[in-house]
Every structure is written in structure tokens, then in C-alpha cells.
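>>> Got a sequence here, can you build the structure:
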Amino acid sequence: MAQKNQTTGQQRRGRAATKPSKVIIRNLPTGIPGLDAIMGGGLPEFSFNIVAGGPGCGKTTMAHQFVFANATEQRPGLYFTILGESAIKMLRYQQQYTFFDPAKLNGAIRFINLSQIVLDHDLSVVLEAIVKEVEAANPAIVVVDSFRTALRKRAELTEMEVQFFVQQLALQLTSWEATTFLIGEYVEAEVQENPVFTVADGLIWLSQVTERNSVVRKLQILKLRGQASVPGLHTFRITEDGLQTFSRTLGLSERKARPIRRPRLSIGVPEVDKMLGGGIPIGDSVLVAGASGTGKSVFGSHFITEGLRRGDRGIMAVFEERPEDVKRRAKNLGHDLAKAERQGKLKILYLRPLDLSVDESLQAILDAVKEIDAKRLVIDSLVGFEMALAPGFRTDFRESLYRMMASVTGAGVTVLNTVELDENFTEFRFSQYMVSFLADDIIRLRYVDIDGVLRRIVTVIKMRDSQHSKDIREYEITRKGVMLTDRRLNEYRALITGIPAYWKTSWPIEEPLK
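Sure thing, here's the model as predicted:
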């Protein structure tokens, strides 16, 4: 029995020793900023992919970026055009992008027009023509644009014939170790019905939606065999550099764990630091909320200037004022932001293009953080931020803002956000945008009517995991910025209503009817 068990063990070890190892699939860079991360590391080499969507979504530009990023003289790229744009017309526009390299044409990249073959012959001849060119060139990349044109040309084709053609094309190109793109114009309803999509290893869906005066472009990886792509819809934009994508999970994977004990940063106003229990804990998100004219932007200027004085580099993301106005206003308070900007210690981002998305703003902020190693960030203001967004992004503002705050504070940056509130003398709201839950700390500014004079008060509403002052203090905005006064407000009740009364009088005061 022992001999039998010993023999069985040897047989198991023998099978384990001869067990084949996994095939390692190399990922190719897409050449499109942000897309490699969305795909889970890049595009699998030798994969057979379909890029689908409506006209004008950027399908051709995406394919061109990939080809120019990967094609070489030794392993060239073949770009087959069917009945759409001619190669000359296509290149006339594509050469305007910065990724376009004319030195690669007719060497590393070749354009082949199949329109006449498609018009005169059936699919078997089209397949033979593609295979012939592939055998001669031994390419690394093959693009067929638009392959659906060849299928539409013959209306009598059955689903079986179409699927057979695509399967044969995929088999031939994969056997030649070519990474393939088929470009096609489809509508979303066809995803579940069209048999072509079952053959593909990867299915990339591009779309654009017009909402009022805005156009929003989205990308989705519907299918990608062998690797974990990021699910959901991702924003992308077409610029002079081509496509740039923005993952819906941008920055979340790099979030750092907060230490139990964190040093505190000065907000730049000593008396307010005392109210905050010694300052703002590093990595917190602070919300400064108040009506127009209460000094929210001044607090932001103090916060950045104090950081620069202590050696902390900073970023100001502004949506309502131009950078020149921000610097001029800060200079009136004695804060020389222009000098810090020239020295590379400060970046002022003016994020006010049309059709803006939160993901684009986050990408710009994270890039700036890495560029100058910033420790402080001011977002002025959340109201202006929301107004700069395309309508479709405004509906998801709270969710997107949550991801943004988590990403930035996760990178170790301390954030001060300003939000404007409509002053109301009957209630004491923290934020009309219902984003106060995103803040670790909340500073509330407001006007109060005392003896017929509007005065400003400040109070700390919330500090997560930290003690803070419960006092309500009066402050003024002077040539040096925010200054807390020595005037005591203890003799007043109901200050936060905006209409306080002396403790010695009844409240509310009711005048007799006449």
C-alpha cells in the first residue's frame, strides 16, 4: 500500500513538472493618453478588435493613433480603406494631429485602397486581397476602415455569410500575428443582435451625445478578452493631440492610506487656526461656504500664500475669475502670487472651456500636482465648477465630485473648496449643492444684521476626527485680508439666523398691530 502511494505521488510530481506554463500576452500601448489604464494595461497583442460607433465619434482617429504609436519598418502597419474616405483625403486631415509622423508613411505605415475590389467582387475575393497584402508585408497592425461598408455593399448577404467572412479574416490575421482593428458604424441597438461582435476579442464603443448646446463624447470597453478593463462609460475629448481619455476611476487606485496622526497646516489666519484646533490636518478637504462678498476667495488666497511662505507648493483651480484677476486681487492683500507662479511654486489653472467634465478637470489637477509636487489646492468655486460642466455631467456632479475629492486628498494634497450660498435669514444651510458630506472640515461665513449694520461672522461647523472651537467670531476684510475682531458677540442670541437679538430682550421681537 505504501509502495502504491509512493508511485502515485511520483506520477503527480511528474505531471506537475510537465504542466505547460501560461501563455503571456504582451500589451501594446494604444498611444492614447488614459486609454491604457482603462484597458487594464494596454491592448493585447495579436487581438482582433472592433471599434464601433456613429459617424464623427473619432473611430478613425483612434485607429491612426494606435498605428502611429506601434508601427515600425520591421513590423509595419497596413491600413485598408474601403468605400469611405480616400487615403489622400484622410491623411490631409489626420496630419493636423501632433501624433502624425510623415516619416512613417510608405514605410512603417502603408495605406491600401480596396474600394474597386469591393465594388467588383464578392467577399471571398476581398478576403484574398487582404491576405495577399498581409503575407507580403508581415505587418504588426492591420486596420480595415470601414469594414462594414464591404458588408453593406451586398444586401443579399446572410448573417451566416457575414460571420464566416469575419471569422476567416480574424483567423488569417491572428495566424500572421497581427493586431487588428475593424472600424464600423453601428448603433447601440445592434450590439446584442449582430453576430460580428461575437468574433471580436475586443469591442470598443464610441459615442457622442448632444445636450442643448453641448457635445459629450464617451467611450466604453464592452468586451476585452483575457484582461480586466475598467467598466462603465469614460469621457474622452478630441484635441489637436488626437483622442485623450479620462477614466471614471481616475486617481482612485493611487489613494494613499491616511496616517493616524497628521500634522496640521495653517489656513493663513492665526485666529482661525485656533478655531480649527491648530489648523487643517494634512490631506483634509475643507469647505468654506458663504454668501457673495463674505471673503471665501480671500480665505483661499490666505491658504495658498501661507503654504508658499512655509515651502508648500500650491495649485489654484479657478472657474469664475481669470488668472490675471486672481493675481491682481491677491496682490491688493499683499499676496504676491505672480512671483510664486514665475518661480514654479504655484500653478493657476483656469478651467473654463465649454463642455467641461469633472474627469478632465481632475486630470489637469493631478498632472499639475505631479508636475510641481503640490501640497495645497484651492478650488474656487464649486458653483463656478458646476456651471462650467456640460449639462450631462451636472446630473452626476455629486458623484463626480466625490471621486475628485477622494483622488486629490488620496494623493496627500490638502484641499480648500469654496461654495457660494444664497444668504437666507431664516435658515442656516451648509451647502445648497448637498456636497457638505464630502468635506472633512466646514467653515461657515455669513452676514448678520446687528444694530442695522451688516457684519460678517465665522464659525467652524465640522472637523472630522478633531476637536474645534464652537465660538462664533466676527471678522473684517482689510487690506491685509481676513482679520478677526476683538468685539464680543456673547450678548447676542440667534446669531446664525442672521437677525440676532440682545439676550436681555425677547426674541423674536413682535411689534403690536396698529
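>>> Can I get stretch 56-75 in CSV, CA atoms only?
The C-alpha coordinates for stretch 56-75 follow below in CSV (Å, rounded to 0.1, in the frame of the first residue of the first chain):
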residue,chain,number,x,y,z
GLY,A,56,-17.9,61.6,-36.1
CYS,A,57,-17.1,59.8,-32.9
GLY,A,58,-13.4,59.5,-33.5
LYS,A,59,-13.1,55.9,-34.6
THR,A,60,-10.6,56.6,-37.5
THR,A,61,-8.5,59.0,-35.3
MET,A,62,-8.3,56.3,-32.6
ALA,A,63,-7.0,53.7,-35.1
HIS,A,64,-4.5,56.2,-36.5
GLN,A,65,-3.1,57.0,-33.1
PHE,A,66,-2.6,53.3,-32.4
VAL,A,67,-0.9,52.7,-35.8
PHE,A,68,1.5,55.6,-35.4
ALA,A,69,2.4,54.6,-31.9
ASN,A,70,3.3,51.0,-32.8
ALA,A,71,4.2,50.6,-36.5
THR,A,72,7.9,50.2,-37.4
GLU,A,73,9.8,49.4,-40.6
GLN,A,74,10.3,45.9,-39.5
ARG,A,75,6.7,45.3,-38.4
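>>> ok, and for that stretch, which residues are buried?
57-71, 75 (16 or more other Cβ atoms under 10 Å). Every residue, glycine included, has its C-beta placed from N, CA and C.
>>> Where helices are concerned, which of the residues you listed count?
59-70 (DSSP state H).
>>> Not counting sequence-adjacent ones, nearest residue to the most centrally placed residue in the chain?
Nearest to the geometric centre of the chain sits residue 359, at 2.3 Å (Cα atoms, centre = their mean). Spatial nearest neighbour of residue 359, excluding adjacent residues (Cβ to Cβ, 6 or more residues apart in numbering): residue 246 at 3.4 Å.
>>> Which residues are in contact with that neighbour?
When contacts are counted by Cβ atoms under 8 Å, 6 or more residues apart in numbering, residue 246 is found next to 34, 234-237, 357, 359-360, 362-363.
>>> Nearest to residue 87 among these?
Nearest to residue 87 among these: residue 236, at 25.0 Å, using Cβ to Cβ.
>>> Return the residues in contact with that closest one.
34, 58, 206, 217-219, 243-246.
>>> Among the residues you listed, which lie within helices?
Per DSSP H, the subset of the contacts of residue 236 in helices is empty.
>>> Strands along the stretch 151-300 of the chain, start to end?
Secondary structure of the stretch 151-300 of the chain by DSSP state E, counting those that start in this stretch: the strands cover 179-185, 202-211, 214-224, 234-239, 242-246, 264-265, 280-281, 285-290.
>>> ok, the longest one: who's next to it in the sheet?
Each strand that strand 214-224 pairs with, and the sense of that pairing, follows from DSSP bridges: strand 202-211 (antiparallel), strand 234-239 (antiparallel).
>>> Give me the buried stretch members for it, please.
216-224.
>>> and those as CSV, adding distance to residue 411 and pLDDT?
Shown next, in CSV, are these (distance: Cβ to Cβ, whole Å; pLDDT from 0 to 100):
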residue, distance to residue 411, pLDDT
216, 27, 84
217, 27, 90
218, 26, 93
219, 24, 95
220, 27, 96
221, 25, 97
222, 31, 94
223, 32, 94
224, 28, 96
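>>> Closest one of these to residue 450?
Nearest to residue 450 among these, with distances taken as Cβ to Cβ, is residue 216, at 48.1 Å.
>>> Now for residue 346: which residues touch it?
304, 308, 313-316, 337, 340, 372.
>>> From residue 322, how far out is it?
16 Å (Cβ to Cβ, to the nearest Å).
>>> Now for residue 392, how many residues are close by?
18 (other Cβ atoms under 10 Å).
>>> That one and residue 211 touch, don't they?
Yes - Residue 392 lies in contact with residue 211 (Cβ atoms under 8 Å); the separation is 5.1 Å.
>>> Figure out the helix or strand that residue 445 lives in.
Assigned by DSSP states H and E, residue 445 falls within strand 441-450.
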